[in-house]
Each structure stands twice: as structure tokens, then as C-alpha cells.
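S.K.: Give me coordinates for this.
(4 chains)
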Number of protein chains: 2
Amino acid sequence: MDYQDHKDKQFPQLPQKRYFAIGEVSILCKVKPHVLRYWEQEFPNLSPNTRRGNRRYYQQEEILLIRKIRELLYDEGYTIQGAKQKLQNKQFVKDVTSQEQIQKAQAELPLGDTDLTNAEPIANLKNQLQDILSILKK
Amino acid sequence: MDYQDHKDKQFPQLPQKRYFAIGEVSILCKVKPHVLRYWEQEFPNLSPNTRRGNRRYYQQEEILLIRKIRELLYDEGYTIQGAKQKLQNKQFVKDVTSQEQIQKAQAELPLGDTDLTNAEPIANLKNQLQDILSILKK
DNA sequence: GTGAGTTCGAATCTCACCGTTCCGACCAAA
DNA sequence: TTTGGTCGGAACGGTGAGATTCGAACTCAC
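M.R.: Model (predicted):
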């Protein structure tokens, strides 16, 4: 059973059905069942339907979320805290439309992966850039 | 001693000197000395600190790297492995990430992984930084 | 030079994170 | 009715990421 091989980044294709049992999800996402239960404690938005006698019935959305979490944890090297935070930020970003400065910076900045969606103070970034410039001026 | 408060994302500005002792770096980066020594084992590119008689003398670039690592670990929630991988990916983006994932990431995050700090000629980078600064000065 | 303060490496310790294992009991479909 | 998947909870484990401690070596202002 090598469905947990971290290097194989291909997931099986999702069958066209509405609900999936935890064992199926385990195979489809390459995450063991007990880990799925554990993640459920850690990621509040990952709560499968459990009506019908305490069993989990996952929907397609949830499978995609699990795959995303898996990528963050196993491939990209986030901690669970970090992954949680990142997923929340993403939702946050969707909602916010008024931060013109940030959007502008995002549009124009060719700067690495300094994630301005975290709303990190611009001033701090500026200091860093000045430090960098002072090095480059040598 | 609150220089380790994770929520304070402001770093002190770098004094204009060439070499820094580990204690200074500790304050400038808000990372304790023993942690700096520990990171040195974990991040190979953080080893080139010139020693004179077994002492670490950090240069400005190393300080920036330490700050970057600190951000990845403490703010963004990467593991050390993840941070290491992310720093290395900057040199080998093509090998590690599939084209699909790159496109997906870019669709989600306008800033993407376009970290030019290692890949582009210094002069080019300098121009970009000046563009950035002019944006920030508005 | 002297003494106070830094820094050294290595060893040891801690503790939270991220699962793993085990469990008897429950459920569902063949 | 059997068989195999699933349940939750508690106990356990390993290792990641520092923290602490140590005596010795170094630095530098005086």
C-alpha cells in the first residue's frame, strides 16, 4: 500500500458520486483514516457530514480541501498551524476588496513571496528593502 | 527581554557596519543566539559566516537571510524542512514544482513564487527594488 | 594586564506536534 | 449472520525545534 508515498503527487480521479466513506477518501487523498480524524480536530472547516449513525460521509469539496491540506503539510512543509493560517488567509483575502495599497503592491511588486495578504506592515518591508539597497550600493 | 515576541514583526534597522557578533544579530533578528547556532546546522546556506578564532561574524546578507528564515518559521508557519525546501526551490523552481501547480499558485496568489533574489542579475534586481521603493514612497 | 562580559561547542533536557496503535463496540451490506 | 469497514477515546511514540547548562576560550574597555 503505497498510497502515502509523498513523492507521488498525482491523486486518483474522483468518481462521480455524492458521498464518500472515510476509507475511500483515504485512498483518494492518500491520507490514512486515523489521520483524517485527527485533522478534523485541527481544521474546523473540515467537518464531514456525520448523520446516519456516527459515520463520516465526505463530499467532493471536502476531498479537495483534504488534498489541499495534504499538499500544504506534506509537500510544501507547513506545520498544521501554518496550514490553518494559510487557509484562513485565503478566505480572508477573498472577502477583502478595499485594501488598495496592498492590491497595488501585489500587482506591481516583483518581490519574492513576501505575502502581503498577511497585511504585514508596509513600513517593515520598506526597511528591509532599504537594508538590501544599502548592500547593493557597495 | 521581549525581542522574541512573535507578533512584533518590526525588525530594528541595520547599523551600517560590516560584521556583527552573534549577540547583535540576535537582537537585530529577534532570534536567540543558541537558535542561531542551531539554524546553522539546518540551513547549509547559513554557514558561510567568517570566523576568526571560532567566532561568528555575520554580514548583512546573512542577517537578511536569518530574518527571512525567521519569517518563514515564526510568521508563515513553515517547518524547518519546509523553509529549507522553499529557500532552495528558489534556485530550482522548475525541477520541484509541476507546471500545473505553478499555474495554480499564480492564479491564487498574484505574487506567486517569483523570487528573483537569486535568479536574476544583481543590476536587474536593483532596478526592481528602486521601482518598489518608488511605489512605497507614495 | 585585568576583569567583566561574550562567545564557544557539546551534551543534555524539554515539550509540543503529529501522528500511531490499540481497543471493544457499532454498523451495513452481502 | 457473517464479514469487513468504521467509531471514538486513551495511551503511546518519535522527532522536531529549540532550551539549558557547562567550563573554557576569547574580546575589549579600562
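S.K.: alpha carbons only for contacts and neighbour counts from here, please
M.R.: Fine.
S.K.: what residues are up against the closest residue to A:Pro48 other than its chain neighbours?
M.R.: Excluding its sequence neighbours, the residue lying closest to A:Pro48 (CA to CA, 6 or more residues apart in numbering or on different chains) is A:Tyr58, at 5.2 Å. Under the criterion of CA atoms under 8 Å, 6 or more residues apart in numbering or on different chains, the neighbours of A:Tyr58 are A:Tyr19, A:Phe20, A:Ala21, A:Ile22, A:Val25, A:Pro48, A:Asn49.
S.K.: how's chain A carved up into domains?
M.R.: A:22-93, A:98-136 (automatic domain parsing).
S.K.: Going by mean pLDDT, which of these comes out lowest?
M.R.: Lowest mean pLDDT within the domains of chain A: domain A:98-136, at a mean of 49.
S.K.: Select from the contacts of A:Tyr58 the one having the most neighbours.
M.R.: Among the contacts of A:Tyr58, the one with the most neighbours (other CA atoms under 10 Å in any protein chain shown) is A:Val25, at 24 neighbours.
S.K.: Quick one: residues contacting that one.
M.R.: Residues counted as contacts of A:Val25 (CA under 8 Å, 6+ apart) are A:Val31, A:Pro33, A:Tyr58, A:Ile63.
S.K.: Return the member of those nearest to B:Gly82.
M.R.: Top of the list for closeness to B:Gly82, among the contacts of A:Val25 and by CA to CA, is A:Val31 at 19.2 Å.
S.K.: got the contact list for the residue in chain A positioned nearest to DNA strand C?
M.R.: Ranking the residues of chain A by distance to DNA strand C (CA to the nearest atom of the strand) places A:Thr79 first, at 3.3 Å. Applying CA under 8 Å, 6+ apart, we find A:Thr79 in contact with A:Leu73, B:Gly77, B:Tyr78, B:Thr79.
S.K.: Switch those over to JSON lines; also include secondary structure and distance to DNA strand D.
M.R.: Putting the contacts of A:Thr79 into JSON lines (DSSP: H, G, I helix; E, B strand; the rest coil; distance: CA to the nearest atom of the strand, whole Å) gives the following:
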{"residue": "A:Leu73", "secondary structure": "helix", "distance to DNA strand D": "11"}
{"residue": "B:Gly77", "secondary structure": "coil", "distance to DNA strand D": "9"}
{"residue": "B:Tyr78", "secondary structure": "strand", "distance to DNA strand D": "7"}
{"residue": "B:Thr79", "secondary structure": "coil", "distance to DNA strand D": "3"}
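S.K.: who in chain A is up against DNA strand C?
M.R.: Chain A comes close to DNA strand C at residues A:Lys32, A:His34, A:Val35, A:Tyr38, A:Arg52, A:Gly53, A:Asn54, A:Leu73, A:Tyr78, A:Thr79, A:Ile80, A:Gln81, as judged by CA under 7 Å from any atom of the strand.
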